[in-house]
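Trainee: Model the structure of this input:
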Amino acid sequence: MRATAQTQHLCRARSLVQERQRHRAQYKRQPHAPLEEEASLPAAMPPVGASPPAAATLAQLNAAVLPYLKGDVTPSLEQLYAVAQSTHCGGSVGGCISKVADRWQDAFPGTRAASVAAVGVKLKLLKPKGHAMVAEGVYPQPPPKCQKHALILRHMILYMFQQKVIAPITPTEAASTLQPPMYHRIWLRPKKADGDGNPAVAIREQNWERLRQILAAWRAIISLNKGVNNYGIAQKFKAGTSRHAIRLIRTGDMLAYVDVKDAFWNVPLHAIYSILCAFWIQDPVLHLLAPNGWKPLTLLFGLWCAPREFVMQLKPCLGLTLQWGMRLSELMDDILMAARSVHQSLQHSMCMLLCLRHFGWVLKMVKLALIPSQIRVYGGWLLSTALRVRVDVPPSKWASQ
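Mentor: Numbering: from 1, shown residues only. Just a heads-up that it's a prediction; the model follows:
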């Protein structure tokens, strides 16, 4: 039975590869002749590589996307990636939507989303039994026993400080008797195999690109379960699922994909509640910068309400694109767009990028998939719309079966 299942997987994989090869051959660029679709592009298209200027108001944003929605202008891939790259102009990811709080107030006046962009997320907490909330554990937290993990954790905290995700606790906040800092444990969780390298070797060789790859393979998580999460009020919310994406696509659709970089770090945390999510670790280098520990300035992995707050903040932006007639599905920070043609896919991708840039979201350039394709991996499934809608297990997961 196991051999039969593997044979079926290989047959399906072979058919999907053949479909993709036929699709690429259909749109293959000739050495000296442009594609038929590119030859029919209007002459009013902006220069290659130039991105439209950022809009200051919602009316200007609607005027910027109107030519793409009507189909009068089709952007090039260079223009799409130029707009995506322009979301990194601020230099830091931490609380980036607060830098354009006036745009949120202009587009969604008096709403919760505008309030969060202006002052940050306000946590809903139960009233403590005593005069202040306390967290279990002994602090400062001892460093990891593994020298490699200790070095990765140090550089991860320094990276978060550079990105304005965390800030040192001031002596006044540390000496407060009304609500002293609630210290929690911070730990690392691997995301992919690129984190197997040794950061000490990369630093000694001054290979900063390799060090960046090692840090990107790990995620710093604050263990708030024995602290502020005990006082949090859980609230239900509805997020997108893979089933919704499967129902969205149709036969012949062109699919594109956008990913928000460091999703939770984009949303700021209210200054009053940041002291309740602090952490403190023993490290000689970190002690010079923050002798009293660190406090977060944004949502972090480990906070009980972080997924809900992020989804609720992103939904108004996606609702605006739905009003423009786009078809999309969101799965936390992953956004899948479906269109009926190559031209329409490029146009809708430009509208999505302009909308996300307008509201301050930072995009992850490595995971962008803006080239229209009929095969995409989304939500852990391999989606194909070439001959008919097919859902299969992606090749990366075959070895684990």
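Trainee: What is the burial count for residue 243?
Mentor: Counted by other CB atoms under 10 Å, the residues lying close to residue 243 total 12. From N, CA and C alone the C-beta is placed, and that goes for glycine too.
Trainee: quick one: it is in a helix?
Mentor: Yes - checked against DSSP: H, G, I helix; E, B strand; the rest coil, residue 243 lies within a helix.
Trainee: where's it relative to residue 161, distance?
Mentor: 40 Å (CB to CB, to the nearest Å).
Trainee: okay, the spatially most central residue of the chain: pLDDT?
Mentor: Against the mean C-alpha coordinate of the chain, by CA atoms, centre = their mean, the closest residue is residue 260 at 2.7 Å. pLDDT, residue 260: 92.
Trainee: got it, and the one 10 residues further on?
Mentor: Taken from the predicted model, the pLDDT recorded for residue 270 is 92.
Trainee: can you check residue 256 too?
Mentor: For residue 256, pLDDT reads 92.
Trainee: before we move on, what SS does it have?
Mentor: strand.
Trainee: Who are the contact partners of it?
Mentor: 336, 337, 339, 345, 348, 349, 369, 370, 371, 372, 373 (CB atoms under 8 Å, 6 or more residues apart in numbering).
Trainee: Distance from the helix or strand the first one falls within to the middle of the chain?
Mentor: This means residue 336. Under the criterion DSSP states H and E, the helix or strand holding residue 336 is strand 334-339. Distance of strand 334-339 from its chain centroid, counting by CA atoms, centre = their mean, to the nearest Å, is 14 Å.
Trainee: With just CA atoms, put that strand into CSV.
Mentor: Provided in CSV are the C-alpha atoms of strand 334-339 (Å, rounded to 0.1, in the frame of the first residue of the first chain):
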residue,chain,number,x,y,z
ASP,A,334,0.1,35.6,3.5
ILE,A,335,-2.1,37.1,0.8
LEU,A,336,-3.1,35.1,-2.3
MET,A,337,-4.5,37.0,-5.3
ALA,A,338,-6.4,35.3,-8.2
ALA,A,339,-7.0,36.9,-11.6
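Trainee: Let's see whichever helix or strand comes after that strand as CSV, backbone CA atoms only.
Mentor: Later in the chain than strand 334-339, the nearest helix or strand by DSSP H and E is helix 342-358. Coordinates of each C-alpha in helix 342-358 appear next as CSV, following Å, rounded to 0.1, in the frame of the first residue of the first chain:
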residue,chain,number,x,y,z
VAL,A,342,-1.7,37.7,-17.0
HIS,A,343,-2.5,41.4,-17.5
GLN,A,344,-5.1,41.4,-14.8
SER,A,345,-2.9,39.6,-12.4
LEU,A,346,-0.1,42.3,-12.8
GLN,A,347,-2.7,45.1,-12.4
HIS,A,348,-4.2,43.6,-9.3
SER,A,349,-0.7,43.0,-7.8
MET,A,350,0.1,46.7,-8.3
CYS,A,351,-3.1,47.7,-6.6
MET,A,352,-2.4,45.5,-3.6
LEU,A,353,1.2,46.8,-3.3
LEU,A,354,0.0,50.4,-3.5
CYS,A,355,-2.6,49.7,-0.8
LEU,A,356,-0.2,48.0,1.6
ARG,A,357,2.5,50.7,1.0
HIS,A,358,-0.1,53.5,1.6
